[in-house]
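Engineer: model this:
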Amino acid sequence: MIGFLTNTNEMLRETSVSEWQVNTAGIKYAQCWEDTDVLLDGLNVQPGDTCLSISSAGDNTLALLTRDPEHVIALDLNPAQLACLELRMAAYRELDHGELLELVGSRPSLRRDRLYSRCRTLLSSDSRRFWDGQGEAIAQGFSGSGQLERYFTLFRRRVLPLIHGKHRVHEMLLPKSSSDRIRFYQSHWNTWRWKFFSHCFFSRVTMSLLGREEGCFRYVEGSVSDQILSRAHRAFSILDPSENPYLIWILTGSHRTALPYALREENFEVIRANLDRLELRCGSIESLAKDYPGNSIDRFNLSDIFEYMSESIYHRLLDRLLFIGRSGGRLAYWNLLVSRRRPESMADRLRPLSRLSRRLHRVNKTFFYSDFVVEEIC
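Structural biologist: So this is what the prediction gives:
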């Protein structure tokens, strides 16, 4: 969701809609970076629905299970991302809630190797081989092992100390009133150091070197760092940082006082009970469409996959999604640096839920996105 927050179906070269070429070497995202609360409100999954979810690290796919769907298809081109989901599924089955938080890295632990050992027999042979070779990632908490998370870790360890000390970071994450948050941000956080070093670190050049393939910027216009930092103001002052698990992880490396939806204790048992409703598939949406007839899927969690393809490819893929989608179904997706919305040529097939999209985007805790889009199939 920066990495910079691309979805795992990153397009590095396009020829036709059936010929995307992607970089699938290793884990890109070891946790999901799209606000789950916003996603669930937008999709409004109903009991008995069939859902298609871009897997990424698996958190948001697992969160869909709390809404009692009949079937959830977790799809990704990258087998390492599906291995992340598999390990999470095994942890929900084998561990208690506190142990799950230790294994993923949301809470401190000195026994992650033992927790992993209890989960590994539940993994497929491919995922077991993958994770057996990731001892350091397991020991440190595997939700920090993705390319994006390592990028944030570099920022937290090397750049943030040049801007603010630990005490100032602690102050930022304390609960405050709305007026106090704005005052603190303007007076203490938004310094010249914050602006200078953040602009450098979140520039297109730095991200291309450290966090994101250059091809992912193909359709981006304007300054990347300007766009990201202009959105950060909202997360640090308008919204409450003390309740933002994504911002807390970026600044501290753990979730501390706020957990993402799928890791909250009240959602643990229902996710565990519904794990058998998940189907994991490694492949493209096109390959999935060949196996699913028209009018068969109700809800689509599409992450930000449209960001990394040309407008014509986006239109053709959208056409295929509408073919397999049911009337009254919903699509939800994010725009990061490239704007994608329903084309006018599909106005009779897809209806934008603009008021809902705007309302949810205003409270979106993953502040780096420019837009959250919800559309309904006619």
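Engineer: Now stretch 347-357: buried residues?
Structural biologist: 349, 350, 353, 356, 357 (16 or more other Cβ atoms under 10 Å). Glycine gets a C-beta too; all of them are placed from N, C-alpha and C.
Engineer: ditto for stretch 258-273
Structural biologist: Result for stretch 258-273 [16+ other Cβ under 10 Å]: buried residues 258, 259, 260, 261, 262, 263, 264, 267, 268, 271, 272.
Engineer: TSV please, covering these and showing secondary structure.
Structural biologist: Listed next are the buried residues of stretch 258-273 as TSV, based on DSSP: H, G, I helix; E, B strand; the rest coil:
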residue	secondary structure
258	coil
259	coil
260	coil
261	helix
262	helix
263	helix
264	coil
267	helix
268	helix
271	helix
272	helix
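Engineer: Restricted to strands, list the buried residues of stretch 347-357.
Structural biologist: For those, membership in strands holds for residue 350, with DSSP state E as the criterion.
Engineer: got the phi/psi numbers for residue 57?
Structural biologist: phi -80, psi -10 (degrees, to the nearest 10).
Engineer: Distance of it relative to residue 368?
Structural biologist: 16 Å (Cβ to Cβ, to the nearest Å).
Engineer: quick one, which of those two is more surrounded?
Structural biologist: residue 57 (33 against 23; other Cβ atoms under 10 Å).
Engineer: and that one, what is it in contact with?
Structural biologist: 27, 29, 30, 31, 32, 81, 84, 85, 88, 143, 146 (Cβ atoms under 8 Å, 6 or more residues apart in numbering).
Engineer: which helices and strands does whichever strand or helix holds residue 148 pack with?
Structural biologist: For residue 148, the host element (DSSP states H and E) is helix 147-154. Helix 147-154 sits against helix 204-210, with contacts defined as 3 or more Cβ pairs under 8 Å, 6 or more residues apart in numbering; DSSP states H and E.
Engineer: quick one: residue 321 and residue 48, what's the gap?
Structural biologist: 20 Å.
Engineer: Ignore what I typed, I meant residue 39.
Structural biologist: 19 Å.
Engineer: Of the two, which one has the most company?
Structural biologist: Using other Cβ under 10 Å, the more surrounded residue of residue 39 and residue 48 is residue 39, with 27 against 10.
Engineer: The chain: strands as residue ranges?
Structural biologist: Counting by DSSP E, the strands of the chain are 50-54, 71-76, 278-282, 297-301, 325-335, 350-352, 371-377.
Engineer: Now tabulate those strands in a markdown table and tack on mean pLDDT.
Structural biologist: Output for those, formatted as a markdown table (pLDDT from 0 to 100):
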| stretch | mean pLDDT |
| --- | --- |
| strand 50-54 | 98 |
| strand 71-76 | 97 |
| strand 278-282 | 97 |
| strand 297-301 | 98 |
| strand 325-335 | 96 |
| strand 350-352 | 97 |
| strand 371-377 | 97 |
